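1. Here is my input, please return the structure:
(chains A and B)
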Amino acid sequence: MKKSVFLGTLAAAALVSGMASATTLDDVKARGELICGSNTGLTGFGAPDASGNWTGFDVDLCRAIAAAVLGDATKVKFVPTTGETRFTALQSGEVDLLVRNSTWTASRDSELALDFVAVNYYDGQGFMVKKDLGVSSAKELDGATVCIQTGTTTELNLADFFKENNISYQPVNVADDAEAQRQYTAGACDAFTTDASGLAATRATLPDAENHIILPEIISKEPLGPVVRHGDNNWGDVVRWTYYALLIAEEKGITQANVEEVLASTNDEEVKRLLGASGDMGAKIGLDNAAFKNAILAVGNYGEIFSRNIGEGTSINLARGLNALWTQGGLQYAPPFR
Amino acid sequence: MTMAAELPKENFRLSMLIFDTRYRSYTIQAVVLGLFILLIVWLGYNVDRNLDERGKELSISFLWQRAGYDIPQTLIPYTNDNVHFRALLVGLTNTLAVAFCGCILATILGVVIGVLRLSNNWLVSRLMTVYVEVFRNVPLLLWVLLSYVILTETMPAPRDFRVTDEMAAAGEAPAAAMSFFDTVAVTNRGTNVPSPLLERGFGSVDLGFVSVNLTFLAIVLVIAGSVYSYRRLKSHARTVQESTGVRPVTWWKSLLILFAPIIALMIALGLHWEVPVLKGFNFQGGILVAHAFTALLLALTLYTAAFIAEIVRGGIQAISRGQTEAAFALGLRPNRTMSLVVLPQALRVIIPPLISQFLNLTKNTSLGVAISYSDLSGTLGGITRNQTGREIECVFLMMAIYLSISLTISMVMNWYNRSVQLKAR
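-> Next up is the predicted model:
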């Protein structure tokens, strides 16, 4: 009995550490499907709609990568992961990449052996409370009960924030956004804290959104971006440059609708390289030359993805803010495509 | 038999390892063992190589890094400045707390239900049958989730307890009120119970590596002394009964010995209760028992009690009907028959399967992860694992700890089992 328990343990450990012999890019091509670790359900960023199709800001990046690698944006399998399971799922090879509001930190880059390849959303942590609580600042939350997702950076920021301000709180641990929302609406916690974008998304799905406010304090930097396994640099390049292609497309005014038109008329060498009309930039990272054109054709440029899923006018209603292009005072900046 | 002696003496040949039945089993065992060791080595090598590829190595030094996160329920002092190892201990104490309370409550409830299921009262026995069948045939996880959701969704929010000035002027009562003479508040966040406070503690002595709380030590000593004296009194009464046939009256002496010393100590220490009061967002003061704890305890108790009830029923039915009839013939009343004749014998049948129920309950506490209870799998296996990225180390540590807990429980229970078994002399 003891022997078999030990054996099982080792087998489990061996499985956890996974077998990643071939490169991820080869695996994805051979499989004919991209497996994307997504949120368990955060409206606007990554959630299945009523008919089971995944939509959202992060989901569209997965679709763009599928279009770039496989030429078909529908060949994506979304695996929902919670704050606690996401990195294990990536490490074990269960998913090819994670695009689910994950914060880039030094220890995740080094200790967890992950690679954050880009920042697709610059965010910060905020607090949401019910209006009738009469709270206007997070510093007034002394003694409050706070719903917090476990296994996140926000959990650590929360502890730091309350300690720095010398006030106390009672944490209520929750596993994901849905559970947090249930506890928060049931009144089991006074405040819910997570990335401000996540708060906006959660607030948008509340039936009485106008009765809830997001407090003005942003207590941390939360650069969210796609994550791949450490050590597979080629796959990291694929994800990174597909994302940058979407940014460059916005910068150059290439949209989902006018790709072909631009390709036919442009004199801009960078645009030609991006769309695969000259050079072999795609082939250099192991993709088709038309890979980035396919990505833009599938989901549009960064700005289009933003405004379609979470931008002003949608229920989430987020301003571009830090996520505007660098040419418009934001932080989104792609290195030159040459 | 003489034939064997006449066989020619054979020298050992290698082929005999396969064709000779005397050696064949050794060969098979050796081969299987060899394969097993190879498998272990292969798995170990595989883990090692894959970790190497990721640039990770097995180490538990992360346990001495700052944890940085807060835990909702801590039975030992803990802040986010403590190290991960401290968080592990907090989780361990939470696991042990819910397992300990669960085992006791499930045993009490299980024995009552098991006995009642054999009741001659049709309604009572049927109700107990329904209880047992419903609770043991629905997965435990669902009971855990159900009790948690019921507690957090149906209980009033702390603000419902508030009496505003307008309400006081209008003479209206608040939407919710505290129970047990205004000492216990059950909100949708948890149960606030009064906490004992001592005015004059004895302080503590630092022995270099560990500090001993003298107040706690005094309480333990007084209780142990009371119990010892009580047993002396009982054995004295038994001696008197055996020599004279008359049992001396002991009940008031027992009560005095058991309770007077501890009450005296509490008065000497200046015990008083801190009752929770609504202040700001929540009730302050007293002890907050998180709903995750209550829900997990409730579900584990109700679920395991159903199994224990069946074990108890089986144990009682294993005692021959003749024993009961003999006891009745001696003029013992039914409840005396049960407690003096049937149950002591049934215990021998009940204890061994009861051990495995205790083990199950203890291991099932890890289901608390579904309602974010901060037990061992919530702190070490959840947050620590996730924040440090040490999956393999954390899982191995957790397995080792659960294994130690289980082995300790079975050791203690096996020892108890031996003490109640029939002594064959």
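2. can we go C-alpha only for contacts and neighbour counts from here?
-> Fine.
3. Could the C-alpha coordinates of the host helix or strand of residue B:352 be exported in PDB?
-> Following DSSP states H and E, one finds residue B:352 within helix B:343-364. Provided in PDB are the C-alpha atoms of helix B:343-364 (Å, rounded to 0.1, in the frame of the first residue of the first chain):
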ATOM      1  CA  LEU B 343     -22.500  -0.800  24.000                       C
ATOM      2  CA  PRO B 344     -19.300  -1.900  25.900                       C
ATOM      3  CA  GLN B 345     -19.300  -5.100  23.800                       C
ATOM      4  CA  ALA B 346     -20.300  -3.400  20.600                       C
ATOM      5  CA  LEU B 347     -17.300  -1.000  21.000                       C
ATOM      6  CA  ARG B 348     -15.000  -3.900  20.000                       C
ATOM      7  CA  VAL B 349     -16.800  -4.200  16.700                       C
ATOM      8  CA  ILE B 350     -17.200  -0.500  16.300                       C
ATOM      9  CA  ILE B 351     -13.700   0.900  16.900                       C
ATOM     10  CA  PRO B 352     -11.800  -0.500  13.900                       C
ATOM     11  CA  PRO B 353     -14.100   0.900  11.200                       C
ATOM     12  CA  LEU B 354     -14.500   4.000  13.300                       C
ATOM     13  CA  ILE B 355     -10.800   4.600  12.900                       C
ATOM     14  CA  SER B 356     -11.100   4.700   9.200                       C
ATOM     15  CA  GLN B 357     -14.000   7.200   9.400                       C
ATOM     16  CA  PHE B 358     -11.800   9.500  11.500                       C
ATOM     17  CA  LEU B 359      -9.100   9.200   8.900                       C
ATOM     18  CA  ASN B 360     -11.600  10.000   6.200                       C
ATOM     19  CA  LEU B 361     -12.900  13.000   8.000                       C
ATOM     20  CA  THR B 362      -9.400  14.300   8.600                       C
ATOM     21  CA  LYS B 363      -8.500  13.900   5.000                       C
ATOM     22  CA  ASN B 364     -11.800  15.300   3.800                       C
END
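4. tell me which residues of it are tucked away?
-> Neighbour-count burial for helix B:343-364, counted by 16 or more other C-alpha atoms under 10 Å in any protein chain shown, picks out B:343, B:345-352, B:354-355, B:357-364.
5. For residue A:181, I want the exact helix or strand it lies within.
-> Going by DSSP H and E, residue A:181 is part of helix A:177-186.
6. what about that helix, near chain B?
-> Yes. Applying C-alpha under 8 Å from any C-alpha of the partner chain, one finds helix A:177-186 touching chain B at A:183, A:186.
7. Contacts made by that helix with the rest, please.
-> The contact list for helix A:177-186 (C-alpha atoms under 8 Å, 6 or more residues apart in numbering or on different chains) reads A:40-42, A:147-149, A:174, A:189-192, A:202, B:152-153.
8. sorry, back to before: which other helices and strands contact the helix holding residue B:352?
-> On a contact count with 3 or more C-alpha pairs under 8 Å, 6 or more residues apart in numbering or on different chains; DSSP states H and E, helix B:343-364 meets helix B:84-117, helix B:291-318, helix B:391-420.
9. avg pLDDT for the last one?
-> In this model, helix B:391-420 has an average pLDDT of 90.
10. what's the angle from it to helix B:84-117?
-> Angle, helix B:391-420 to helix B:84-117, by axes from the mean of the first three to the mean of the last three C-alpha atoms, to 10 degrees: 40 degrees.
11. Identify the residues contacting stretch A:149-166?
-> By C-alpha under 8 Å, 6+ apart, stretch A:149-166 touches A:83-84, A:103, A:125, A:139, A:148, A:168-169, A:173-177, A:180, A:193-195, A:219-220, B:68-70, B:80, B:382-384, B:386-387.
12. no no, stretch B:345-360
-> Stretch B:345-360 has contacts (C-alpha under 8 Å, 6+ apart) with B:103, B:304, B:307-308, B:311-312, B:314-316, B:318-319, B:406, B:409-410, B:413-414, B:417, B:420-422.
13. can you give me how far that stretch is from the chain middle?
-> When C-alpha coordinates are averaged (C-alpha atoms, centre = their mean, to the nearest Å), stretch B:345-360 and its chain have centres 14 Å apart.
14. Could you pull up the mean pLDDT of it?
-> Per-region confidence: stretch B:345-360 scores 89 on mean pLDDT.
15. try stretch A:131-142
-> Taken as a whole, stretch A:131-142 has an average pLDDT of 88.
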